[in-house]
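S.K.: What would the 3D arrangement of this be:
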Amino acid sequence: MKKKNLKKVATQKVTENERFHIMAIWKYLFSVIVIIFAAIMFFGGSHLPEKKATASDWSENRLTIKENQAFQAFIESFETEFGQFRELALSKLAKLPDDEMRANLVMPFDLFETNRLNNPNRNIYSWIKKLQAENTAGRAEISDRRFFNYGVQGVDAWGQKMEQDFLASFTQATRTIYLKVGLKKSDLFGMLVFYHEMVHCLQDTSLRFSIDSDEKEKTYQEIIIGDKPTIIIDFELEAYFYELMLLDQLLDGQFSQGYKQSKPMSRTELGQKLNVLPTEQEFLRMLIKFGEYVFCDKQNIFYGELIDFYRQKDYRILTIENLEKFKFRQI
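M.R.: From the prediction side, this is the model:
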């Protein structure tokens with residue numbers, strides 16, 4: 001299945017020049033990421049230039065030593081669990097006839113493995129503590145555009161409580177994916193959500209590697225730092241698209257075929273296949289709705305619903321006008 005152009009919802013009055021062609025953006029984005037991964041694999045990652053993200057006035061990290069040790073153990077356990085899920089997914093994706101789509105769907109799994117093998121500072125809390133101890137000036141590099149870090153759902157990088165009403169989230173400033181503790185490969189829904197966040201990590205990588213001027217650096221900092229959370233809606237569409245395509249492959253095409261035959265999977269049936277918890281039912285409902293938009297060629301509705309969803313959560317919403325030139329527009 002090919003990606004469609006995602007246009008403004010019909011209720012919005014826009015000119016033809018304002019219509020955003022997401023297909024071109026996606027192809028450009030992933031061509032950049034393919035080059036990046038080739039460089040990482042060739043050089044082993046260590047020789048790539050690093051993009052610095054700094055922070056001042058560090059607050060005390062309030063995670064106790066015992067809690068942090070427990071989280072470190074969870075990271076190691078989770079990586080084993082996701083590694084097994086990765087093998088299952090790769091075996092399913094090997095059957096996909098579309099070479100380009102298969103390569104794109106595999107890329108987040110490659111990121112996971114590269115991060116596991118080459119990033120010794122995956123625990124964001126230990127990493128922050130180490131930087132605090134080594135940097136008396138209170139400023140230190142806390143992110144690396146090649147890798148990502150792990151954090152606990154509801155606890156930010158400095159051990160402070162944070163509001164989080166998603167199953168997982170990715171924070172660009174520290175390149176941290178926040179997960180619920182206890183996630184296992186049998187929790188297929190949770191694994192898909194983590195995969196979704198790794199797509200966001202790759203998107204952030206493409207942004208960071210394209211910064212080649214002070215003006216672009218300023219624009220990037222404005223995106224990741226502000227009074228309210230910011231989302232690039234085109235990136236969110238892309239992440240959901242690949243999450244849904246992976247889900248369909250895991251279910252041997254049953255998910256998409258249900259829509260095409262006007263017999264979509266019920267929430268109960270899909271929930272059982274993905275081992276969805278009672279507390280995750282609302283997110284499952286959203287995924288089923290988004291599946292209809294993708295597999296029934298209703299991407300224009302998808303675009304509008306995502307915008308409404310994040311507006312209700314008081315996000316600043318950006319769309320890409322020209323990714324190569326680093327041009328964004330607030331919606």
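
S.K.: Poorly predicted segments of the stretch 151-300 of the chain, please.
M.R.: 164-166 (pLDDT under 70).

S.K.: mind listing what Asp156 touches?
M.R.: Going by CB atoms under 8 Å, 6 or more residues apart in numbering, Asp156 touches 162, 171. (Each C-beta comes from the backbone N, C-alpha and C, glycine too.)

S.K.: What does it show for phi and psi?
M.R.: When quoted as degrees, to the nearest 10, the phi and psi of Asp156 stand at phi -70, psi -180.

S.K.: quick one: it and Phe112, what's the gap?
M.R.: 22 Å (CB to CB, to the nearest Å).

S.K.: tell me, how many neighbours does Thr279 end up with?
M.R.: Residues near Thr279, counting by other CB atoms under 10 Å, number 9.

S.K.: quick one, helices of the stretch 201-331 of the chain?
M.R.: Assigned by DSSP state H, counting those that start in this stretch, the stretch 201-331 of the chain shows helices spanning 214-224, 233-250, 254-260, 267-274, 281-295, 299-312.

S.K.: so where do the strands sit in the chain?
M.R.: 149-152, 169-171, 176-179, 230-232, 316-322, 327-330 (DSSP state E).

S.K.: now those as TSV including distance to Ser206 and mean neighbour count?
M.R.: Shown next, in TSV, are the strands of the chain (distance: least, CB to CB, whole Å; neighbours: other CB atoms under 10 Å):
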stretch	distance to Ser206	mean neighbour count
strand 149-152	18	24
strand 169-171	14	21
strand 176-179	17	24
strand 230-232	11	19
strand 316-322	11	17
strand 327-330	14	12
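
S.K.: Leu251: which of these is closest?
M.R.: strand 176-179 (23.2 Å; CB to CB).

S.K.: So what touches the closest one?
M.R.: 78, 124, 148-155, 157, 164, 168-171, 190, 194, 197-198, 201.

S.K.: how does it look with 6 Å?
M.R.: 124, 148-149, 151, 153, 157, 168-170, 197 (CB atoms under 6 Å, 6 or more residues apart in numbering).

S.K.: Out of those, flag the one nearest to Lys228.
M.R.: Nearest to Lys228 among the contacts of strand 176-179, with distances taken as CB to CB, is Ser169, at 14.7 Å.

S.K.: who touches that closest one in this structure?
M.R.: Tyr178.

S.K.: Beta-bridge partners for it, please?
M.R.: Tyr178 (DSSP bridges).

S.K.: Please tell me how far it sits from Gln249.
M.R.: According to CB to CB, Ser169 and Gln249 sit 24 Å apart.

S.K.: so where do the helices sit in the stretch 51-200 of the chain?
M.R.: 65-93, 99-118, 124-134, 188-209.

S.K.: Of those, flag the one that's most buried.
M.R.: helix 188-209 (a mean of 23; mean count of other CB atoms under 10 Å).

S.K.: what helices or strands is it leaning on?
M.R.: helix 22-43, helix 99-118, strand 169-171, helix 233-250 (3 or more CB pairs under 6 Å, 6 or more residues apart in numbering; DSSP states H and E).

S.K.: Out of the strands of the chain, the one nearest Gln84 is which?
M.R.: strand 176-179 (16.3 Å).

S.K.: Tell me who's in contact with Gln203.
M.R.: Per CB under 6 Å, 6+ apart, neighbours of Gln203: Phe235.

S.K.: What of Val155?
M.R.: Applying CB under 6 Å, 6+ apart, no residues qualify as near Val155.

S.K.: residues near the closest residue to Asp314 other than its chain neighbours, how many?
M.R.: Using CB to CB, 6 or more residues apart in numbering and skipping residues adjacent in sequence, the residue nearest Asp314 is Lys228, 5.9 Å away. Neighbours of Lys228 under the rule other CB under 10 Å: 8.

S.K.: that older thread, right, and the strands of the chain - which one's nearest Lys216?
M.R.: strand 327-330 (9.9 Å).

S.K.: Gly190 against Lys184, yeah?
M.R.: No - look at Gly190 against Lys184 with CB atoms under 6 Å: they stay out of range, at 7.9 Å.

S.K.: And for the closest residue to Ile320 other than its chain neighbours, the neighbour number?
M.R.: Among residues not flanking Ile320 along the chain, Asp234 sits closest, at 4.9 Å (CB to CB, 6+ apart). Other residues lying near Asp234 total 23 when counted by other CB under 10 Å.

S.K.: and the gap between Asp234 and Gln261?
M.R.: Counting by CB to CB - Asp234 and Gln261 are separated by 30 Å.
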